[in-house]
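*Asks:* mind looking at a prediction? Sequence and model below.
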Amino acid sequence: MKIRLLKEGYKEDEQLFLEFRKGEVTHDSFFSDETVEIADAPDFPFYIGKGTEGKRKNDFMAAFRIIADYYVELERDIHFDERFWHSLLITQKRDYIEEHYPQAFESYREFCNIVTKTFDWENYIYKCILAVEYVEDSGERALPKDQYYELIVENLDIFNYIIKYSIFRNSEFLIKVLTVIHNLDLGEVLKAKITDRPDLGKDERYGRRVIFELNKAYPVLMSPLLDVEELQKEFLKALGNYYDLSDVKEEVETPSSKPGLLKRFARIYK
Amino acid sequence: MNDMNNTWQFSRIPNIEESNFNKVLERFYSLGVAGLTRENIQNSLDGRLAEADQPVAVKIELGTVNREAIPGLDSIVHRINSLEGRNGYTKETISHMKASMLEENVRYISFEDSNTKGLSGAKYGQSNSKEHTWGIYAYNKGVHFEEKDESFEASRGGSHGIGKIASNAASDIHMMYFANCDAHGEQHLGGTIQLIEHTLGDSYYRSTGYFAKLKDEKFMPFENRFHQVFEKKTRGLKIVIPFLRENFYNKDEVIRAVCDSFFVSIIEKKLVVHVNDLVIDHNTIDSIVLNPKYYIQEVEMMKKVFTPLYVDTYKNMQPRVIEVANQTNNFKFNLYFNYDERIPKGRMGIIRTIGMKIEDFTVKNNSTKPFNAVLIGGIEEDSYLKSLENESHTKISSDDIKDPQLMKHARRFINNLTKEIVKVIEEEIRKSNPVDGKINTGDLLYTMELDFKDNLSQTFAATKIKNGKSIVRNDAGEKTDAEESKVKRRKKEKTAAVNPADTGVRRKGKARKKGETENATENQKDEYKISPTRVERLLMQNQEVIRLNLTSDPVVAKAESCQIKFNIVDGMGKEYLNEFNMQENYSTVIDTNSGKECEISSGFIKNVSIKDGLVSLRLALHPAYNRSLKFIYYVEV
């Protein structure tokens, strides 16, 4: 299947939106001479901002699966090229958009937000591509692939922060962080808002702060190169700056059949 | 066919041009019974007897009367039956009229005034004389009779001359009567009705009908021998509106309307109003505005109606005089002002001298300030305000004025009025919220001084650095020419020889210092960023040694002491301000040059000495100190 690439400057062209709203965009004036050859281009959810948590999770999982099976094998300079994705959506996915994201036809703004969204860490396709690349490319995996995909969806906030910082944007680090989160069952804590530190700003979360602490310590502490156990220590140390572990330390002595979350931190932290 | 037997007269016209009802009807209808009440009381106040010291009394009655008692109704029923609507709106209105006119018991409202002049010259009918106010009132639209006394004229409420039609608008069939008793005790009844231009028999008729008989082609009123609802036996005028619209039949609403608009007249004993058996005068108005049946009593909830506040303000506050100018005149007003933290919406009632409130004036940008005010002017002010009012007397604005010059004046006036009131509001707020102490404005002054210096140094050539301060000299015409140029040259050489990139000490500009009690302008410091190559840092078990080499920059090196600031740098080289708290990370700081301990604040290490251009510190670490952090160092001298 040949995908015709849109002509440069299409992102600022409201005419493209008007044409797209009318029907299939076919007129040559919108396209360049370049094309991309792709074996098969099945539909996948590519705008996952709305809906219930369950629906978003399913959408993400479906997107991961299809991208892993059909798109990730393309060359990197194709699947990291926003023009390719936007061209694909406009030439092949009009019906899908009409069915799933009809609001894209309502206004130019919505169109830009859903269809021709800039390809960075806020773009869902970008997120999915990175996630798939990192999981598929990872060498040593402590857990099955699918579980990593689930961890990404469950810890999107952390995932966003990791791909936001270029130093952490790599497969190994992501996989290790996810493994740490899984091992310590930290998901819920990291997602929680920090409420007792007004100096940090309104929407600060434990997870974001941990990643920021690791960023500040880089490259004195090369966290992407640490092994899982070392990273686990650093992770808890960073979390300890914000999440109070001191109260629980004594209780750790008393044996418990099922140690609580905080006790588990404390033990490892010690 | 101005039939002699007909009690209602419609003038013949050659053809039908206008198929709609008078537009003003709808406008007054939308103002409700409050608008009706307001118009009629205002007319009564306008008609007050100048010589009498008695208050104008207005008796408002709501009730029902049998249709038989309504004068000339049959002739009107006949007329209305002949009406044909030519568009959706008129069709609807006409069918409503046809349905309403058949009612057996007819709702009515009447406004009867006394201690007023009433109309004069009724027996002459349509006389076209300026003296005969009956003729004008009864048979003319869009004019009101002007008083001969100018100051009296200025204080009158009405100005648009359309108030009469407010009464028609209140009736389902647009009908109203007025009973008059003049100075000589002569009693007459007139009336008007607003239909549309229509056909009856072979003729076309005008929309307005008059309750009158025709004599020599002139309208003449009937002598009043009608039902007692239509009776007026003492001097004054009585407006009777039969077929009162159902939603207008609301006694409480009438009472509120009286208080809302005329509380000043009532308190000043210029007006007494009876609504059925309730008397509203200077004694009873308090109990009415304080009655939860009529008004919300919680100050916090008064967001639309402010009458209880106005009454309180007007009665209990001492007025102050404020002056407001437009381009030509200077107006003086009395302002009654009340500041109360509980008031959610700050409004100023603008009152005409007859005691009628025109508007709940919103002071621009101050609509939610906690105050309440009443503004009243004198005769001159009044006539000016009158020119600014809209038709329904509920707002002053420059929009209704056609003359562009006057409109400009009006805009200026409203702006100045706003400005004056804002002054008062701010003064009162300051009084009620005294400041706790003085604010150090050193920073502000400093910024201004800095801007001034910048501008000056751009204009003039020589800038000389002395003890870290910039001095700007004016070399024009001064005797220090030679020295000045030397300084200039030296400065140039220096800057040429010392490239900041080589020194590793880069001046960042003045650091700002906040909230200190010392004179901030004198304590301002220059901030220098120290290149990492000029920093030696040694991290040990529980202490850290830092050495900064400042020798490359002569200004900094010459200084004797400085303070030091650290900014964190993240893994990507991005610098973060205020991310590192010194106090939380260092327990003590020893200046090894002097051997003394330095003071640590959250952002700075203070009083650090510079010896031979070197800064040398030994810092004791708190256990929580993150040894992986990296910094960019700043020195302030």
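*Replies:* In hand now; what should we look at?
*Asks:* CA atoms for contacts and neighbours, from now on please.
*Replies:* Noted.
*Asks:* for B:Phe111, which non-adjacent residue is spatially closest?
*Replies:* Leaving aside its sequence neighbours, B:Phe111 sits nearest to B:Ile60 (Cα to Cα, 6 or more residues apart in numbering or on different chains; 4.6 Å).
*Asks:* same question, B:Ile109
*Replies:* Spatial nearest neighbour of B:Ile109, excluding adjacent residues (Cα to Cα, 6+ apart): B:Leu62 at 4.5 Å.
*Asks:* my read: the residue nearest to B:Phe111 touches B:Ser114, true?
*Replies:* No: in this structure, B:Ile60 is not within contact of B:Ser114 by Cα atoms under 8 Å, at 11.7 Å.
*Asks:* contacting residues around the residue nearest to B:Ile109?
*Replies:* Going by Cα atoms under 8 Å, 6 or more residues apart in numbering or on different chains, B:Leu62 touches B:107-110, B:249, B:251, B:275-276.
*Asks:* again, but for A:Asn170
*Replies:* By Cα under 8 Å, 6+ apart, the contact list for A:Asn170 reads A:Tyr134.
*Asks:* quick one: it from A:Lys233, how far?
*Replies:* Per Cα to Cα, to the nearest Å, A:Asn170 is found 20 Å from A:Lys233.
*Asks:* what's the burial count for the residue in the stretch 1-150 of chain A positioned nearest to chain B?
*Replies:* Nearest to chain B in the stretch 1-150 of chain A, going by Cα to the nearest Cα, is A:Trp121, at a distance of 16.9 Å. Residues within reach of A:Trp121, counting by other Cα atoms under 10 Å in any protein chain shown, total 18.
*Asks:* what does A:Val210 give?
*Replies:* Neighbours around A:Val210, by other Cα under 10 Å: 22.
*Asks:* now do B:Lys233
*Replies:* For B:Lys233, using other Cα under 10 Å, the count is 18.
*Asks:* equivalent analysis for A:Leu88, please.
*Replies:* 20.
*Asks:* so what's the residue of the stretch 251-400 of chain B at minimum distance from chain A up against?
*Replies:* Proximity of the stretch 251-400 of chain B to chain A (Cα to the nearest Cα) peaks at B:Thr368, 27.8 Å away. Under the criterion of Cα under 8 Å, 6+ apart, the contact list for B:Thr368 reads B:344-346.
*Asks:* assign a three-state SS to it, would you?
*Replies:* coil (DSSP: H, G, I helix; E, B strand; the rest coil).
*Asks:* so what's it closest to, chain neighbours aside?
*Replies:* In this structure, B:Thr368 finds its nearest non-sequential neighbour in B:Lys345, 4.4 Å apart by Cα to Cα, 6+ apart.
*Asks:* B:Tyr339 now?
*Replies:* Using Cα to Cα, 6+ apart, the nearest residue to B:Tyr339 is B:Phe371, at 4.4 Å.
*Asks:* residues from the stretch 351-500 of chain B in reach of chain A?
*Replies:* Applying Cα under 8 Å from any Cα of the partner chain, one finds that the stretch 351-500 of chain B does not approach chain A at all.
*Asks:* low-confidence bits of the stretch 351-500 of chain B, can you list those?
*Replies:* Applying pLDDT under 70 to the stretch 351-500 of chain B flags the ranges B:391-394, B:400, B:435-500.
*Asks:* quick one: the helices in it, in order.
*Replies:* Ranges of helices in the stretch 351-500 of chain B, per DSSP state H, counting those that start in this stretch, are B:379-388, B:404-432, B:442-459, B:481-497, B:500-503.
*Asks:* residue in chain B nearest to chain A?
*Replies:* Among the residues of chain B, B:Asp570 lies closest to chain A, at 4.0 Å counting by Cα to the nearest Cα.
*Asks:* what parts of chain A come near chain B?
*Replies:* Within chain A, the positions lying close to chain B (Cα under 8 Å from any Cα) are A:165-167, A:215-221.
*Asks:* next, the spatially closest residue to B:Tyr29 that is not a sequence neighbour: phi, psi?
*Replies:* Nearest-residue entry for B:Tyr29: B:Ala169, 5.4 Å, with adjacent residues in sequence omitted and distances by Cα to Cα, 6+ apart. The phi and psi values for B:Ala169, taken as degrees, to the nearest 10, are phi -60, psi -20.
*Asks:* wait, B:Ala169 touches B:Ser30, no?
*Replies:* No: here B:Ala169 lies out of contact with B:Ser30, judged by Cα under 8 Å, at a distance of 9.1 Å.
*Asks:* quick one: which of those two has more around it?
*Replies:* Between B:Ala169 and B:Ser30, counted using other Cα under 10 Å, B:Ala169 has the larger neighbour count: 29 against 13.
*Asks:* residue nearest the middle of chain A, spatially speaking?
*Replies:* Residue closest to the mean C-alpha point of chain A, counted by Cα atoms, centre = their mean, is A:Lys127 at 3.9 Å.
*Asks:* how far away is that residue from B:Ile266?
*Replies:* Taken as Cα to Cα, the span from A:Lys127 to B:Ile266 is 74 Å.
*Asks:* just B:Tyr137 next, same as before
*Replies:* On the measure of Cα to Cα, B:Tyr137 and B:Ile266 end up 26 Å apart.
*Asks:* centroid residue for chain B?
*Replies:* Note: chain B centre (Cα atoms, centre = their mean) maps to B:Thr362, 1.6 Å.
*Asks:* which ones are touching that one?
*Replies:* B:346-348.
*Asks:* run the last query once more with 10 Å
*Replies:* Residues in contact with B:Thr362 (Cα atoms under 10 Å, 6 or more residues apart in numbering or on different chains) are B:345-349, B:368, B:418.
*Asks:* mind checking how far the residue of the stretch 151-270 of chain A found nearest chain B is from B:Gly135?
*Replies:* Taking Cα to the nearest Cα, chain B has its nearest neighbour within the stretch 151-270 of chain A at A:Lys216, 4.0 Å off. Using Cα to Cα, A:Lys216 is found at 93 Å from B:Gly135.
*Asks:* just B:Leu31 next, same as before
*Replies:* Using Cα to Cα, B:Leu31 is found at 28 Å from B:Gly135.
*Asks:* those two: who's more crowded?
*Replies:* Legend: neighbour count by other Cα under 10 Å for B:Leu31 and B:Gly135, higher for B:Gly135 (25 against 16).
*Asks:* please identify the helix or strand for the nearest residue to the more buried one once chain neighbours are set aside.
*Replies:* Nearest non-adjacent residue to B:Gly135, counting by Cα to Cα, 6+ apart: B:Gln126, 4.7 Å away. In this assignment (DSSP states H and E), B:Gln126 forms part of neither any helix nor any strand.
*Asks:* surely B:Gln126 meets B:Ala138?
*Replies:* Yes: the criterion here is Cα atoms under 10 Å, and B:Gln126 meets it with B:Ala138 at 8.1 Å.
*Asks:* between the two, which contacts overlap?
*Replies:* Between them, B:Gln126 and B:Ala138 share these contacting residues under Cα under 10 Å, 6+ apart: B:219-221.
*Asks:* which residues in the stretch 151-300 of chain B form helices?
*Replies:* Secondary structure of the stretch 151-300 of chain B by DSSP H, counting those that start in this stretch: the helices cover B:164-169, B:251-267, B:285-289.
*Asks:* repeat for chain A
*Replies:* A:14-22, A:53-66, A:76-79, A:82-92, A:94-100, A:108-114, A:124-137, A:145-154, A:156-164, A:171-184, A:187-191, A:206-217, A:228-240, A:261-269 (DSSP state H).
*Asks:* which stretch among those helices comes nearest B:Val321?
*Replies:* helix A:108-114 (55.3 Å; Cα to Cα).
*Asks:* contacts for that closest one next, please.
*Replies:* Residues contacting helix A:108-114 (Cα under 10 Å, 6+ apart): A:11-18, A:20-21, A:46-49, A:89, A:97, A:101-105, A:107, A:115-118, A:123-124.
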